[in-house]
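J.: Output the structure for:
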Amino acid sequence: MESEILSFVNPATGAKFGEVKMASPDSVQNAVQEMRRSFPLWSRKSVRERIRILRKLQTLLIDKREEITTVLNQDCGKSRQDGLIELFVTVDMLAQYRAQAPKWLKKKRVSSGLYLFKQCFVEYRPYGVVAVIAPWNYPLVLTLPPVLAALLAGNTVVLKPSEVTAATGVLIERLLQAIPELAPFVRVVHGDGKVGAALTQAKPDYIFVTGSTPTGKKILQTASEHLIPVALELGGKDAMLVLEDANLEAAARWGVWGAFFNTGQTCMAVERVYVVESK
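T.: Prediction:
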């Protein structure tokens, strides 16, 4: 059976600038199984060791900033400046994760309640294989942080980037594979909703989804059949409130920015404005 192809198309110009083969259901299943076999080795590494390895990725992201912003510009149609902002936020989040991971993942003593002669602790343990299904509107900053958080916590990862920004997904795969100490513990499967469905059906140990509400419902339904825990960050639009004491000029300026930044393709973009009516 011939593989289906995902084309890279610049939405600002309509120009095609590349393509990638979509993953087959069997290759998705194999990726999950491979990460399950790799999980014991990665999870045995100390938090400090995982931090050291991911520090190399942080450095690589900065070194490759020209290539990354170029791909984001072509893949999303956004400006190089907006691409650079997305990269900076990604790097900053990784730096925060690395700095906080020892504290977040540290074994903690908690109250034993009425068990006066007992000691009680909370100890955090990784799930195993984490599936990350990522969106297209911010294909770097909404993709890498959940992947890196899962890795820092000791999980292995199978990532499904959005088919709409497949070029960024290919770039992320290349960056992850460029770190030899990290490459064996992450797999990227490219494709459309069929690939996302195959990844869910492959029974990962945890699923992290950023996407639309209809997609989230489908994934949650499938995951529930196997009692797979799921985190859903789904699309939606937020209202802007303009209260009586608001600076109207500033409210108008930032309201327009909130509605049209990233061409309005932001989960919290301003879609409605509620203004207090003066009496």
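J.: And the strands in the chain?
T.: For the chain, applying DSSP state E gives strands covering 5-9, 16-21, 108-110, 120-122, 129-133, 156-160, 186-188, 206-211, 230-234, 238-242, 270-275.
J.: Just put those in a markdown table and tack on distance to residue 141, mean neighbour count and mean pLDDT.
T.: Just so you know, the C-beta spots here come from the backbone N, C-alpha and C atoms, and that holds for glycine as well. Output for these, formatted as a markdown table (distance: least, C-beta to C-beta, whole Å; neighbours: other C-beta atoms under 10 Å; pLDDT from 0 to 100):
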| stretch | distance to residue 141 | mean neighbour count | mean pLDDT |
| --- | --- | --- | --- |
| strand 5-9 | 19 | 17 | 93 |
| strand 16-21 | 21 | 14 | 95 |
| strand 108-110 | 30 | 10 | 93 |
| strand 120-122 | 30 | 10 | 94 |
| strand 129-133 | 13 | 28 | 98 |
| strand 156-160 | 14 | 27 | 98 |
| strand 186-188 | 17 | 24 | 98 |
| strand 206-211 | 10 | 23 | 96 |
| strand 230-234 | 12 | 15 | 93 |
| strand 238-242 | 18 | 13 | 90 |
| strand 270-275 | 20 | 13 | 92 |
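J.: any idea how far residue 235 lies from residue 134?
T.: 13 Å (C-beta to C-beta, to the nearest Å).
J.: Hmm, I typed the wrong one, I wanted residue 236.
T.: Distance from residue 236 to residue 134, by C-beta to C-beta: 17 Å.
J.: higher neighbour count, these two?
T.: Remark: of residue 236 and residue 134, residue 134 carries more neighbours, 25 against 11, as counted by other C-beta atoms under 10 Å.
J.: what are the ranges of the helices in the stretch 101-250 of the chain?
T.: 144-152, 166-177, 193-201, 213-225, 248-260 (DSSP state H, counting those that start in this stretch).
J.: okay if I get these as a markdown table plus distance to residue 24, mean pLDDT and mean neighbour count?
T.: Formatted as a markdown table, the helices of the stretch 101-250 of the chain follow (distance: least, C-beta to C-beta, whole Å; pLDDT from 0 to 100; neighbours: other C-beta atoms under 10 Å):
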| stretch | distance to residue 24 | mean pLDDT | mean neighbour count |
| --- | --- | --- | --- |
| helix 144-152 | 22 | 96 | 22 |
| helix 166-177 | 16 | 97 | 21 |
| helix 193-201 | 8 | 95 | 20 |
| helix 213-225 | 18 | 93 | 15 |
| helix 248-260 | 40 | 93 | 13 |
